[in-house]
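Asker: need a 3D model of the sequence below.
(4 chains)
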2 protein chains.
Amino acid sequence: MAASTLTEVARLAGVSPATASRVLNGSARKPGPDIADRVRQAADSLGYIPNAQAQGLAKSSSGLIGLIVHDIADPYFAAIARGVQEAAREQRKMVLLATTGGAPAEEKEAVAAFAARRADSIVIAGSRSSRPENLEDNAELAAELDRYCRNGGRVAVVGHPVVGATAEEGYHVVAVPNQELAAALAGKLASGWDGDFVIIGGPEGLFTSDDRVRGFQEGLAAAGRQPADILRTAFNRAGGYEAGLKLAGLIKERQAESGDAAGGTRLCIFAVNDVMAIGATAALRSQGLRIPRDAIIAGFDDIETLRDFRPALSTVRLPLEEIGRLATRATAPGALAAGGGPEGESRDAGTGGTEKGGAAVVQPHPITGEVTLRRSTETAA
Amino acid sequence: MAASTLTEVARLAGVSPATASRVLNGSARKPGPDIADRVRQAADSLGYIPNAQAQGLAKSSSGLIGLIVHDIADPYFAAIARGVQEAAREQRKMVLLATTGGAPAEEKEAVAAFAARRADSIVIAGSRSSRPENLEDNAELAAELDRYCRNGGRVAVVGHPVVGATAEEGYHVVAVPNQELAAALAGKLASGWDGDFVIIGGPEGLFTSDDRVRGFQEGLAAAGRQPADILRTAFNRAGGYEAGLKLAGLIKERQAESGDAAGGTRLCIFAVNDVMAIGATAALRSQGLRIPRDAIIAGFDDIETLRDFRPALSTVRLPLEEIGRLATRATAPGALAAGGGPEGESRDAGTGGTEKGGAAVVQPHPITGEVTLRRSTETAA
DNA sequence: ATGTAGTGGGAATGCGCTTTCCCAAACAGC
DNA sequence: GCTGTTTGGGAAAGCGCATTCCCACTACAT
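Answerer: A predicted model of the protein is given here:
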């Protein structure tokens, strides 16, 4: 038995399919109450479930929101996904998930698949990259996105615009103040620390990583400090661990030189995200080093499940869930565009916000990432 | 400009829509190479993307897999989701995500929504519950699932069958040996510990929690120990924290009585999942207590991002990703059913595996959750 | 040369629904 | 009593595609 159809319901109720459609799915025209009841009863007794595919085909809109992440098991993306999910629910839409491992080629595939499904909007959450080996794929991704927008799709990308995407309509960017926040973090750290700094960064060309690195160096400079050395590695725990091992060697060397385990030679390590910071911590520990005795570590993102970690990471709180929500809302049909602060009832029904480099930019409620210095300097409990 | 259609492509290529369809989408009939080329070129130049909705409508199958979780930001579910995603990719399908917060009513909604979208299969990952207040909703969920199966849908549920679901076709259960593993954990803990045990459990009626509690008590009994007291609380970090506060009070009392901070009065706390264990740890710490000095803590799941936690949790490794994969594969059209061990080439093309209580049960490759006692008894590094 | 199988293409139908258009009835106004 | 206007329902035309059936044609065997 295949699921029952609207026609069957209509027949059972003794009305035309048109009428049945009108009562069962929100139409402007409301049939008479008696008829409506008959139809509803018929639908009920048949266990009628409308075929969303057919509906979508008929009114060319699917009620789908596509979400693209690197890895759904990464808590960073999981948090964003939760926000997207929530906003999707507000809009009575469902979310379609694609994980790409961060490869632009896969992202392009995902966009195409979403386009094929006629997703109403697409949220891209992974960090953009300008690495030369991705040049071509990035271009194709941009082209795919542009086409999608041209066909009426709406796109929100978290962080940075997709390199080369030039769509004028329906293309939104949720800015994340990585650089500013990293600078603030550096400032705070510098004010309570007179040793050297080291940065564990992701691969060069990864915007999120680059921004945080740049911001951190700026913050250091503003505090009158020397720029930090940079270790480049993978943007995940394994990368952090690897870098941590190297740093452990460095730290031991320095300690041997100064002949003293303590002293002003301690390093402050800034990993560009929490997961890398955790990896680095584990690596140091594996080499017999202790935090904060031998070094202190700071991260970025303030991942929820990592908050109970001890010694606590100094980190920057990013409202990831909110970011996901904002991105999703930005793509909603009647979305208000530029950041409405308390005063900002300046809603305009347009498709984008402030123009910036040809692309519409949503200025989120100034995403107030907070810098939280946890007791990374205390002894582990 | 709305996306171009197959008809347009056909016209541009100077062929009929039928032919265009045959070359662009894998049909059994392959048109001649010259024509195929013309069509492909036309499609390319128009940027043709097939309309998956229309395709789905025409061949009544959507290429969609529905995934139901409590909360995608919970690392437990995120890990499962990763597995599901992976298996979906193998099947060249996309995953549709629904989060329900664990409420059966919402789960029923989700199933209905998936059914409306004509999802090819549904994977339900949240723990089942038999709480009286959910009785009615559970029944409705079961009815919805049965209907979905009757209409040809395939369902896999992780852990326990949905109470009351009786579908005979396409209904799979991926068993998770919570009880056995909890018993093993209790045994291991008991062999290295002679103090008392306490269990922090989820709300009564939550199967996953109940199984783990029961298993743990069994393990204790097998080791000749007294049953542990049980604290019931929420199945998340907050619950763990709350219980941890209570236990902190208890521990302090006992320490006051014995007049000694150390000694055999230490408690071994078993939280039924890692996230709760982390919460409990944080609570103890907040009360000035230390692990393992004042108590030791064990969890369950071996959540990846929590592995670097120190002092390390004793925990049970559950192959969550694999579970997600298995569940998804179980719903694949040609899925082989009962657990094929190395010897087991006993594939049968049927829809289910061993019958058990009227429901088909997939016996996964004996899901070998390992019990890992981490150095929870060592001093925090 | 004739019949048969096989091949490659098009016409047409239907998937389940929405929506426009049309028509009949009921109602108002003068 | 008539026209003009609403109201409430049905008929029918798609939405974009897969697929079945049908037809023209070729290749081969007889």
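Asker: from DNA strand D, how far off is A:Thr100?
Answerer: To DNA strand D, A:Thr100 is 24 Å away according to C-beta to the nearest atom of the strand, to the nearest Å. For glycine as for every other residue, the C-beta is placed from the backbone atoms N, C-alpha and C.
Asker: run a quick neighbour tally on A:Gly219.
Answerer: 25 (other C-beta atoms under 10 Å in any protein chain shown).
Asker: ok, now A:Leu145?
Answerer: Residues near A:Leu145, counting by other C-beta under 10 Å, number 27.
Asker: the closest residue to it other than its chain neighbours in helix, strand or coil?
Answerer: Distances taken as C-beta to C-beta, 6 or more residues apart in numbering or on different chains place A:Ala165 nearest to A:Leu145, at 4.9 Å, with adjacent residues excluded. Under DSSP: H, G, I helix; E, B strand; the rest coil, A:Ala165 falls in the coil class.
Asker: residue contacts, A:Ala165?
Answerer: A:141-142, A:145-146, A:171, A:359 (C-beta atoms under 8 Å, 6 or more residues apart in numbering or on different chains).
Asker: how about 7 Å then?
Answerer: A:Ala165 is in contact with A:142, A:145-146, A:171, A:359, counting by C-beta atoms under 7 Å, 6 or more residues apart in numbering or on different chains.
Asker: before we move on, what about A:Ser16?
Answerer: By C-beta under 7 Å, 6+ apart, the residues touching A:Ser16 are A:Ala10.
Asker: could you measure from it over to A:Arg38?
Answerer: 12 Å (C-beta to C-beta, to the nearest Å).
Asker: count of neighbours near A:Leu313?
Answerer: A:Leu313: 27 neighbours (other C-beta under 10 Å).
Asker: quick check: the residue of the stretch 201-350 of chain A nearest DNA strand C.
Answerer: Distance from DNA strand C to each residue of the stretch 201-350 of chain A (C-beta to the nearest atom of the strand) is smallest for A:Pro333, at 13.9 Å.
Asker: which stretches in the stretch 51-200 of chain A count as strands?
Answerer: Assigned by DSSP state E, counting those that start in this stretch, the strands in the stretch 51-200 of chain A fall at A:64-69, A:94-99, A:121-124, A:154-158, A:171-174, A:196-201.
Asker: quick check: angle from the second one to strand B:64-69?
Answerer: It refers to strand A:94-99. Between strand A:94-99 and strand B:64-69, the angle comes out at 100 degrees (axes from the mean of the first three to the mean of the last three C-alpha atoms, to 10 degrees).
Asker: other SSEs contacting strand A:94-99?
Answerer: strand A:64-69, helix A:75-90, helix A:104-116, strand B:94-99 (3 or more C-beta pairs under 7 Å, 6 or more residues apart in numbering or on different chains; DSSP states H and E).
Asker: identify the residues contacting the last one?
Answerer: Which is strand B:94-99. Contacts for strand B:94-99 (C-beta under 7 Å, 6+ apart): A:85, A:94-98, A:113, B:63-72, B:84-85, B:88, B:110, B:113-114, B:117, B:119.
Asker: rerun at 8 Å
Answerer: Contacts of strand B:94-99 (C-beta under 8 Å, 6+ apart): A:67, A:81-82, A:85, A:94-98, A:113, A:117, B:63-72, B:81, B:84-85, B:88, B:106, B:110, B:113-114, B:117, B:119.
Asker: also the first one?
Answerer: Residues from elsewhere that reach strand A:64-69, judged by C-beta under 8 Å, 6+ apart: A:77, A:80-81, A:84, A:88, A:91, A:93-100, A:107, A:110-111, A:113-114, A:117-126, A:328, A:331, B:97.
Asker: pull up the pairing partners for it, direction included.
Answerer: strand A:94-99 (parallel), strand A:121-124 (parallel) (DSSP bridges).
Asker: tell me which of those lies nearest to B:Glu242.
Answerer: With C-beta to C-beta as the measure, strand A:94-99 is the member of the strands paired with strand A:64-69 nearest B:Glu242 (31.5 Å).
Asker: show me what the residue nearest to A:Val157 when sequence neighbours are not counted bridges to in the sheet.
Answerer: Of all residues not flanking A:Val157 in the chain, A:Ile124 sits nearest, at 4.3 Å (C-beta to C-beta, 6+ apart). Using DSSP bridges, the beta-bridge partners of A:Ile124 come out as A:Ile68, A:Val157.
Asker: OK, contacts around A:Ile124?
Answerer: A:68, A:107, A:155-158, A:162.
Asker: which of the strands of the stretch 51-200 of chain A has the lowest mean pLDDT?
Answerer: Within the strands of the stretch 51-200 of chain A, confidence is poorest for strand A:171-174, with a mean of 90 (mean pLDDT).
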